[in-house]
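K.L.:
Predicted model and sequence follow; I will ask about them next.
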Amino acid sequence: MCGINGIYGEENIGLAKELIQKMNSCMEHRGPDDNGVYTEEIIALGHQRLSILDLSSLGKQPMQSNSGRFVLSFNGEIYNFNEIKKELEGYDFKTQTDSEMVLAAYEKWGIECLSRFNGMFAIAIWDKTKEELFLARDRMGIKPIYYYQKEKLFVFSSEIRSLLESGFIPRQLNIDCLSEFLEYQTVNAPNTLVKNVQMLEAGHWMKISKDGLTKKPFWEMEKFTAMQNGINVNEAHVKIKELFFESVERRMIADVPLGAFLSGGIDSSAVVAAMSKISSKKVETFNINFAEKEFSEAKYADEIAKLYNTNHHEIQLNPTDFLEELPYALMAMDHPSGDGPNSYIVSKATRNAGVTVALSGLGGDEIFCGYDVFALLNKLEHSSLRYLPLGIRKALGSLLYSIKKGNNTHKIKQVLGAPKLNFEGAYPLFRQALWKEEIEKITGDYSSDVLNRFLLIGDKELYSKISVAEMQTYMQNTLLRDTDQMSMASALEVRVPFLDHTLVEYVLGLPDAIKHPTSPKKLFVESMGDLLPESIWKRKKMGFTLPWSVWMKNELKSYCEANLQHLQNIDSINFEAVSNIWNNFQSSKALYTWTRVWPLVVLGHWIKENKIEG
């Protein structure tokens, strides 16, 4: 796991080298073990290395191919690199790294090499002969690539902050995406909150040369949602367990200490169970524990740790510890999000315990129907309300909201008032933070079709459509981005077995009848057999919950207000509307929960730290 940078088109190569060094330094946290710079005529590549495979200096990057034609700067892991190397007989490998395999594979197969890779990756390869820069991002969007283009200049990086450090990019807020952030607590790729800075979409490659820029997908998730005819549930159980164990085993290859996050939920418990069955050594497991029982899952994590005889690390935190770390968590936030600090705390504690690679259960909810939105949209799909005239539905929603005002009833009101009471019409409403009328007051603008491009999945099974929507929006642009920036802030590599593309492709193709979650993640739990105790999969889903509302009205009040003040400097933001939301929250009005206020605090902090103007 590393950080990559590049500048194409700057003819002053001395300046380009100087700027790449600055960009590298800006994200030294991503790869503190080594760094490198390569320059040649119109290209400069940078690299910060976190050594995972072949810890020797031979793995230094940027790395050149044996022929000298190709130069690589690579971030990620290709888990099947040893199998691919067997197909590359004749190439004289100098290292035991997956990075060198990427070079050899691209030299032999070109773009087609991407279809052979199983892993998470952000790849940059310079072709000296064609004077062409090639970039690619993994199928699931686990590793990021941000870029900026203006005329003949093209700059890319693993982080937005590093791009800004180059000095080429104006520090301007992307006003066109401000309402999207306020509505969904993130901005979906390819857009970002910095004007003219884009994010390469998951499963895409691009080439940059004197002829311009070409961008295409090499893998499209929605193409795997066709129902697999004739399959029965028992066959599915066997195949899912097989694919999951293969995925976990692939992600246990490392030349550094490796462990796992263990919350005690279904997903993390399954990862630990599989690791324990695969490994001949004790698995290192990590759980963050709070003394307050209502926020602690420690007893469930402890149960799994004892069942699988792991070397368990229970890291005790009190609210004071968390509050002290919070400013550092926000400092680590490369792109603002309504989530993230929890990942920072867990990652830092795990890295401090001596582990460099940790496996996570992220992704299990998205592919195995673990969120409430799956059940809710299924009920909606089969509801007689769909056949009521729009006027009656709107009246019914308004009546419910007048009887009991709250976020949930407001959401119901919006759903009932949607032109179409189906997946496409209702899904975007379930992920909203601030409401249309609030966003309009803050920005004077509101676009209701932001997520529409992610919902054009056609006549497929409902659960697979929801899975695709969740993975392409909330998972990729909030959860995975937060995990990357927050874990790499502590130089910790996080691997996600549930997002192995072979497992994702298979589950997306299963019919709803097999996936229907009559109990939590029923299909996956049954596939794991007796590896998961009933006490784990039957318990109520908790997540990493903390007393945010109390803190923001007491210990964090002045901190929040100070960060909100920075929104006054943005011309396109009506600060009076922001203040009204904050004051209503402080007055404990039912509609104003902390989750709807916190993204504004984060936005203000990010604007201040990155000197963003708007």
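P.N.:
Structure received.

K.L.:
what about the strands in the stretch 351-500 of the chain?
P.N.:
Using DSSP state E, counting those that start in this stretch, the strands of the stretch 351-500 of the chain run over 357-359, 493-495.

K.L.:
Longest helix of the protein, counting residues only.
P.N.:
If you go by DSSP state H, the chain has its longest helix at helix 233-250.

K.L.:
Report the backbone C-alpha coordinates of that one in CSV.
P.N.:
Provided in CSV are the C-alpha atoms of helix 233-250 (Å, rounded to 0.1, in the frame of the first residue of the first chain):
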residue,chain,number,x,y,z
VAL,A,233,-30.0,-22.4,-2.3
ASN,A,234,-27.8,-25.4,-1.3
GLU,A,235,-25.5,-24.9,-4.3
ALA,A,236,-25.3,-21.2,-3.5
HIS,A,237,-24.3,-21.9,0.1
VAL,A,238,-21.4,-24.2,-1.0
LYS,A,239,-20.2,-21.7,-3.7
ILE,A,240,-20.4,-18.7,-1.4
LYS,A,241,-18.4,-20.3,1.4
GLU,A,242,-15.8,-21.5,-1.2
LEU,A,243,-15.4,-18.1,-2.7
PHE,A,244,-15.3,-16.3,0.6
PHE,A,245,-12.6,-18.6,2.0
GLU,A,246,-10.6,-18.2,-1.2
SER,A,247,-10.9,-14.4,-0.9
VAL,A,248,-9.7,-14.4,2.8
GLU,A,249,-6.8,-16.7,2.0
ARG,A,250,-5.6,-14.4,-0.9
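
K.L.:
quick one: it to chain centroid distance?
P.N.:
Taking C-alpha atoms, centre = their mean, to the nearest Å, one finds the center of helix 233-250 at 23 Å from the center of the full chain.

K.L.:
Tell me which residues touch the closest residue to Glu180 other than its chain neighbours, please.
P.N.:
The spatial neighbour of Glu180 that comes closest, neighbours along the chain excluded (C-beta to C-beta, 6 or more residues apart in numbering), is Val450 at 4.9 Å. Bear in mind the C-beta positions are built from the backbone N, C-alpha and C, glycine included. Residues in contact with Val450 (C-beta atoms under 8 Å, 6 or more residues apart in numbering) are Ser179, Glu180, Glu183, Tyr184, Asn188, Pro428.

K.L.:
Can you give me the pLDDT of Val450?
P.N.:
Listed pLDDT for Val450 reads 76.

K.L.:
got the contacts of Val450 as JSON lines, with distance to Ala349 and neighbour count columns?
P.N.:
Converted to JSON lines, the contacts of Val450 look like this (distance: C-beta to C-beta, whole Å; neighbours: other C-beta atoms under 10 Å):
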{"residue": "Ser179", "distance to Ala349": "36", "neighbour count": "22"}
{"residue": "Glu180", "distance to Ala349": "33", "neighbour count": "20"}
{"residue": "Glu183", "distance to Ala349": "33", "neighbour count": "24"}
{"residue": "Tyr184", "distance to Ala349": "29", "neighbour count": "23"}
{"residue": "Asn188", "distance to Ala349": "30", "neighbour count": "22"}
{"residue": "Pro428", "distance to Ala349": "36", "neighbour count": "21"}
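
K.L.:
Could you list which of these belong to helices?
P.N.:
Reading helices off the contacts of Val450 with DSSP H, I get Ser179, Glu180, Glu183, Tyr184, Pro428.

K.L.:
now, among these, which is nearest to Asn5?
P.N.:
The nearest member of the ones in helices among the contacts of Val450 to Asn5, counting by C-beta to C-beta, is Glu180 at 27.0 Å.

K.L.:
ok, back up a step: now render the contacts of Val450 as TSV, adding distance to Lys241.
P.N.:
Conversion of the contacts of Val450 to TSV gives the following (distance: C-beta to C-beta, whole Å):
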residue	distance to Lys241
Ser179	44
Glu180	39
Glu183	39
Tyr184	34
Asn188	33
Pro428	34
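
K.L.:
Which residue ranges make up the domains of this structure?
P.N.:
Per automatic domain parsing, the structural domains of the chain span 2-219, 223-368+464-537, 372-462, 548-609.

K.L.:
show me where pLDDT drops low in the stretch 301-450 of the chain?
P.N.:
Residue ranges of the stretch 301-450 of the chain with pLDDT under 70: 447-448.

K.L.:
80 instead, please
P.N.:
The model of the stretch 301-450 of the chain has pLDDT under 80 over residues 317-319, 322, 406-407, 445-450.

K.L.:
Nearest the geometric middle of this protein, what residue?
P.N.:
Nearest to the geometric centre of the chain sits Leu480, at 1.1 Å (C-alpha atoms, centre = their mean).

K.L.:
Distance of that residue relative to Asn563?
P.N.:
Between Leu480 and Asn563 the distance is 25 Å, computed by C-beta to C-beta, to the nearest Å.

K.L.:
contacts for the helix or strand following the longest helix of the chain?
P.N.:
Sequence order places strand 258-261 as the next helix or strand after helix 233-250, per DSSP states H and E. Strand 258-261 is contacted by residues 252, 268, 271-272, 275, 283-287, 313, 346, 350, 353, 355-361 when judged by C-beta under 8 Å, 6+ apart.
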